[in-house]
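Engineer: Need coordinates for the below:
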Amino acid sequence: MAGVLLNNVVKRFGDFEIIHGASLDIADGEFVVFVGPSGCGKSTLLRMIAGLEDISGGEIAIGGKTVNDVEPADRGIAMVFQSYALYPHMSVEQNLSFGLRMNGNPKADTDRRVKKAAEILHITDLMARRPRQLSGGQRQRVAIGRAIVREPQVFLFDEPLSNLDAELRVQMRVEISRLHKELGTTMIYVTHDQIEAMTLADRIVVLRGGHVEQIGRPLDLYSDPDNQFVAGFVGSPKMNFITARVLERGASGVTVELAGGTRLTQPLNGPAPEPGSKVVVGVRPEHFGHAGKGDADLSVTIDVVEHLGGTSFLYASTAAGDDIVIQRDAAEVSDAPEITVSIRKSYLFDDKGRRLR
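Structural biologist: Numbering: from 1, shown residues only. All right, here's what the predicted structure looks like:
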């Protein structure tokens with residue numbers, strides 16, 4: 001096993017820079033997830049760690065050894081891709097052992113590794129089947145097994161669950177989490193799905209436009225985002241953003257006015273925007289309470305209600321036209337088209353999306 005260090009890593013295609021000085025220290029045995037919207041650079045960053053993309057600047061080290069010029073096969077990594085890439089004419093057992101056999105690994109050791117991987121992934125009874133006889137989840141297990149038999153120092157996953165249906169995605173998330181606990185190997189995982197990131201990661205790296213926006217534990221990013229982008233990306237449903245303007249700064253914090261005249265006082269330790277400045281108030285769906293039981297009341301119009309068992313989501317709009325989502329226990333949802341909610345906890349962002357603390 002080994003840790004992974006990225007020091008001011010840059011990637012350019014010609015004059016176009018797509019990774020802008022990324023730095024990250026991943027501890028031995030840690031599970032780190034790269035998240036961000038399509039095109040943010042997360043897969044490119046993973047491929048640079050794997051050696052499948054050259055780096056334009058900076059340093060990548062695995063296990064304390066700089067690997068900038070080391071071939072992918074010699075980096076001690078194994079990668080699981082979005083596509084299963086199984087050999088269709090080979091059995092599961094042959095798919096698992098093929099790479100080792102081609103490298104001249106002793107038969108006894110190859111058999112040991114294949115048996116161990118099959119037991120870990122619960123595919124022992126599938127060893128004689130060919131890929132066409134497997135479900136999507138079973139194929140992905142085989143693809144992961146092919147990485148396990150290499151006994152790498154670091155596992156790299158590039159959106160491995162994106163081809164699976166919703167139910168299988170949940171099952172495979174659990175399987176990958178169990179795998180990490182059992183092997184204790186460093187894992188780096190790329191996804192655009194923040195639910196996968198929240199459930200799998202020890203730490204999450206949030207990327208946007210080739211920049212690292214924030215690094216932290218899942219619940220820390222959820223409860224203490226550095227900016228509006230991270231606040232909106234981490235969480236499902238995402239944080240609500242309500243337009244407001246600054247009225248005044250007092251001893252207890254800054255007072256802002258929302259649509260409909262609602263006033264909210266937000267504690268601040270740092271400097272506040274000037275009175276009249278536009279700001280954004282962020283509220284998680286679960287932080288809307290019943291009228292009169294929070295920091296400020298807000299009248300909204302209900303557009304759609306989604307009932308999800310014991311929890312319901314109310315899709316609503318404010319007087320200024322801001323769309324919001326309110327989380328409620330199903331038993332508390334009424335048919336009233338207009339309701340008043342109370343803001344129990346909120347975040348404040350300036351007009352550039354920076355968090356005001």
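
Engineer: neighbours around the closest residue to K238 other than its chain neighbours, how many?
Structural biologist: Counting by CB to CB, 6 or more residues apart in numbering, K238 lies nearest to G232, which is 4.9 Å off, once chain neighbours are set aside. Any C-beta I mention is one placed from the backbone N, CA and C, and that applies to glycine too. Using other CB atoms under 10 Å, G232 has 16 neighbouring residues.

Engineer: Please read off the pLDDT at G232 from the model.
Structural biologist: For G232, the pLDDT comes out at 94.

Engineer: Next, work out how far apart it and K352 are.
Structural biologist: 14 Å (CB to CB, to the nearest Å).

Engineer: who does the helix or strand where E17 lies touch, helix- and strand-wise?
Structural biologist: Taking DSSP states H and E as the criterion, E17 maps to strand 16-26. Applying 3 or more CB pairs under 8 Å, 6 or more residues apart in numbering; DSSP states H and E, one finds that strand 16-26 contacts strand 4-13, helix 42-50, strand 57-62, strand 211-216.

Engineer: And the helices in the stretch 101-250 of the chain?
Structural biologist: Assigned by DSSP state H, counting those that start in this stretch, the helices in the stretch 101-250 of the chain fall at 107-121, 136-148, 166-183, 194-200, 218-223, 228-233.

Engineer: Could you export those helices to JSON lines, including columns for distance to K65?
Structural biologist: Putting the helices of the stretch 101-250 of the chain into JSON lines (distance: least, CB to CB, whole Å) gives the following:
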{"stretch": "helix 107-121", "distance to K65": "24"}
{"stretch": "helix 136-148", "distance to K65": "20"}
{"stretch": "helix 166-183", "distance to K65": "21"}
{"stretch": "helix 194-200", "distance to K65": "27"}
{"stretch": "helix 218-223", "distance to K65": "30"}
{"stretch": "helix 228-233", "distance to K65": "32"}
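
Engineer: Quick one: closest of the ones you listed to V32.
Structural biologist: helix 194-200 (9.6 Å; CB to CB).

Engineer: Just the buried positions in that closest one, please.
Structural biologist: Of the residues in helix 194-200, 194, 196-198, 200 count as buried by neighbour count, 16 or more other CB atoms under 10 Å.

Engineer: right, so the helices and strands packed on strand 16-26: which one is the most enclosed?
Structural biologist: Greatest average neighbour count among the helices and strands packed on strand 16-26 goes to helix 42-50 (a mean of 22), per mean count of other CB atoms under 10 Å.

Engineer: the inter-axis angle of that one versus strand 16-26?
Structural biologist: Angle, helix 42-50 to strand 16-26, by axes from the mean of the first three to the mean of the last three CA atoms, to 10 degrees: 60 degrees.

Engineer: Redo the helices and strands packed on strand 16-26 as a markdown table? Include mean pLDDT and distance to E306.
Structural biologist: Listed next are those as a markdown table, based on pLDDT from 0 to 100; distance: least, CB to CB, whole Å:
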| stretch | mean pLDDT | distance to E306 |
| --- | --- | --- |
| strand 4-13 | 96 | 40 |
| helix 42-50 | 96 | 30 |
| strand 57-62 | 97 | 44 |
| strand 211-216 | 97 | 29 |
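
Engineer: R75: which of these is closest?
Structural biologist: Among the helices and strands packed on strand 16-26, strand 57-62 comes nearest to R75, with 5.7 Å by CB to CB.

Engineer: hmm, who's touching that closest one?
Structural biologist: Here strand 57-62 makes contact (CB atoms under 8 Å, 6 or more residues apart in numbering) with 2-10, 12, 21-23, 48-49, 66-68, 75-77, 153-154.

Engineer: Parallel or antiparallel, which strands does it pair with?
Structural biologist: strand 4-13 (antiparallel), strand 65-66 (antiparallel) (DSSP bridges).

Engineer: so which of those comes closest to E338?
Structural biologist: Across the strands paired with strand 57-62, closest to E338 is strand 4-13 (CB to CB), at 50.8 Å.

Engineer: Run through the residues that contact the nearest residue to L258 once chain neighbours are set aside.
Structural biologist: Spatial nearest neighbour of L258, excluding adjacent residues (CB to CB, 6+ apart): A244 at 4.8 Å. If you count contacts by CB under 8 Å, 6+ apart, A244 has them with 256-259, 264, 278-281.

Engineer: run the last query once more with 7 Å
Structural biologist: Neighbouring residues of A244 by CB atoms under 7 Å, 6 or more residues apart in numbering: 256-258, 279-281.

Engineer: Of the residues you listed - the most surrounded one?
Structural biologist: Neighbour-wise, the contacts of A244 (other CB under 10 Å) top out at V256, 28 neighbours.

Engineer: The closest residue to that residue other than its chain neighbours pairs with what?
Structural biologist: Leaving out its chain neighbours, the residue that sits closest to V256 by CB to CB, 6+ apart is A244, at 4.2 Å. Beta bridges link A244 to L258, V279 when assigned by DSSP bridges.

Engineer: Sort out which residues of the helix or strand containing G99 are buried, please.
Structural biologist: Element membership for G99, per DSSP H and E: helix 92-102. For helix 92-102, burial by neighbour count (16+ other CB under 10 Å) applies to 92-100.
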